[in-house]
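K.L.:
What would the 3D arrangement of this be:
(one chain, ligands or ions: 1)
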Amino acid sequence: MSATARKAAPNAEDIRARKGGEPLVSLTAYSTPMAKFMDAHCDFVLVGDSVGMVMHGMTSTLSVTMEMMIMHGQAVARGLSQAMMVIDMPFASYEEGPQQAFRNAARLMAETGAGAVKLEGGVEMAETIRFLVHRGIPVMAHIGLTPQSVNTLGGYKVQGRDAQADAVLADAKAVAEAGAFSVVLEKVPQGLADKITAEVPIPTIGIGASAGCDGQILVVDDMLGFFTAFKPKFVKRYADLGQQAEAAIAEYAAEVRSRSFPADQHVFADKAPKKAATGKGSAS
Ligand code: KIV
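P.N.:
Residues are numbered from 1 along each chain as shown. Okay, here's the model as predicted:
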């Protein structure tokens with residue numbers, strides 16, 4: 001389905017039904033203007049907890065709070081009318097057990113209007129996913145490299161090579177069986193990502209995985225070149241807007257210092273101009 005042909009935002013079941021079809025397109029967003037730019041082009045937009053690193057300068061996602069997710073979720077919701085919004089459950093908002101997860105997932109959905117939540121974890125989160133889904137909360141799972149577990153994974157490493165492959169496959173099967181409507185595969189080797197995509201009945205969304213996944217997601221600040229602290233191998237830079245922004249700011253600073261900005265067209269005359277014949281007001 002082309003972006004222009006779509007009328008209403010898809011829901012979780014629409015996304016699930018895209019298994020094996022045209023690849024699902026997704027990006028993260030954290031603000032209203034960015035959400036507006038991507039609304040017509042994405043099937044779903046993720047309010048990712050990557051917000052902590054790309055917008056707030058945190059060194060990991062671990063300090064992201066419910067309040068931050070809700071504030072950014074509300075901002076993104078104001079920019080979307082065609083794409084579905086999925087929102088991340090931040091670290092420590094769901095791991096205690098199904099009841100805690102339900103309370104916080106319900107709050108995220110009620111206060112932001114998101115159509116689903118995403119949470120990290122495989123086999124160990126299956127019980128929680130089942131509990132949420134049976135109580136009306138669509139869940140997107142996230143396996144492979146799960147950044148909230150960076151401290152126990154020993155860093156932002158590829159997950160699923162060699163002897164690890166069976167465990168990642170088991171994670172994918174467990175979250176699908178528990179009722180997740182889709183699953184993000186982050187930093188999973190290509191062959192394993194293809195095997196998971198072939199073996200689970202729900203769409204796989206790759207990030208650093210395989211073009212054979214049922215969809216792809218990237219962090220928007222990575223692909224636009226706003227976030228430059230580091231660049232994972234799986235990021236393709238489609239633009240260098242960070243560099244452009246810095247050049248524009250440098251030009252502005254130079255013009256202020258040389259008094260060439262503001263120029264005549266940016267300032268206001270002391271005498272009010274005569275009203276134009278059309279009767280319309282003037283901004284000058
Ligand atoms: O928080 C995030 O941006 C994510 C994506 C990388 C999938 O979880």
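K.L.:
Tell me, please, where in the stretch 101-250 of the chain the pLDDT is lower than the cut-off.
P.N.:
Scanning the stretch 101-250 of the chain with the threshold set as pLDDT under 70 gives no residue ranges.
K.L.:
Do you have the strands of it handy? List them.
P.N.:
Taking DSSP state E, counting those that start in this stretch, the strands of the stretch 101-250 of the chain run over residues 116-120, 139-144, 182-186, 204-207, 215-218.
K.L.:
can you tell which of those is closest to T28?
P.N.:
With CB to CB, the closest approach to T28 among the strands of the stretch 101-250 of the chain belongs to strand 215-218: 7.1 Å. Just so you know, the C-beta spots here come from the backbone N, C-alpha and C atoms, and that holds for glycine as well.
K.L.:
any idea which helix or strand carries the residue lying closest to T32 once chain neighbours are set aside?
P.N.:
Counting by CB to CB, 6 or more residues apart in numbering, G79 is the residue found nearest to T32 once chain neighbours are left out, at 4.1 Å. Assigned by DSSP states H and E, G79 falls within no helix or strand.
K.L.:
In contact with G79, which residues?
P.N.:
When contacts are counted by CB atoms under 8 Å, 6 or more residues apart in numbering, G79 touches 29, 31-36, 39.
K.L.:
How about the helix or strand M68 falls within, which residues are buried there?
P.N.:
Secondary structure from DSSP H and E places M68 in helix 66-77. By 16 or more other CB atoms under 10 Å, the buried positions in helix 66-77 come out as 68-70, 72-73, 75-77.
K.L.:
can you check stretch 30-39 too?
P.N.:
So stretch 30-39, judged by 16+ other CB under 10 Å, has buried residues 30-31, 34-35, 38-39.
K.L.:
out of the strands of the stretch 101-250 of the chain, which comes closest to A163?
P.N.:
Proximity to A163 (CB to CB) singles out strand 139-144 among those, at 15.2 Å.
K.L.:
Any idea how many residues pack against the residue of the stretch 1-150 of the chain found nearest the ligand?
P.N.:
Of the residues in the stretch 1-150 of the chain, the one nearest the ligand is G48, at a distance of 2.4 Å by CB to the nearest ligand atom. Using other CB atoms under 10 Å, G48 has 27 other residues around it.
K.L.:
Report the beta-bridge partners for the nearest residue to it once chain neighbours are set aside.
P.N.:
What sits nearest to G48 in space, not counting adjacent residues and going by CB to CB, 6+ apart, is T28, at 4.0 Å. In this entry, T28 is beta-bridged to L46, by DSSP bridges.
K.L.:
for the stretch 101-250 of the chain, what spans make up the helices?
P.N.:
In the stretch 101-250 of the chain, the helices defined using DSSP state H, counting those that start in this stretch lie at 126-134, 150-153, 165-178, 190-199, 220-223, 241-257.
K.L.:
now the angle from the first one to helix 165-178?
P.N.:
Put simply, helix 126-134 runs at 30 degrees to helix 165-178, going by axes from the mean of the first three to the mean of the last three CA atoms, to 10 degrees.
K.L.:
what do you get for the fourth one?
P.N.:
Here helix 190-199 runs at 30 degrees with respect to helix 165-178, directions being taken by the same axes, to 10 degrees.
K.L.:
any idea how far helix 190-199 is from the chain center?
P.N.:
Distance, stretch centre to chain centre, for helix 190-199: 22 Å (CA atoms, centre = their mean, to the nearest Å).
K.L.:
What residues sit buried inside that helix?
P.N.:
Of the residues in helix 190-199, those buried by neighbour count under the rule 16+ other CB under 10 Å are 192-197.
K.L.:
Mind exporting the C-alpha coordinates of that helix to CSV?
P.N.:
Taking only C-alpha atoms (Å, rounded to 0.1, in the frame of the first residue of the first chain), the coordinates of helix 190-199 have been written out as CSV:
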residue,chain,number,x,y,z
GLN,A,190,21.6,-11.6,9.0
GLY,A,191,21.2,-15.4,8.6
LEU,A,192,19.6,-15.7,12.0
ALA,A,193,17.3,-12.7,11.4
ASP,A,194,16.1,-14.4,8.1
LYS,A,195,15.6,-17.7,10.0
ILE,A,196,13.5,-16.0,12.7
THR,A,197,11.5,-14.1,10.0
ALA,A,198,10.8,-17.4,8.3
GLU,A,199,9.8,-19.2,11.5
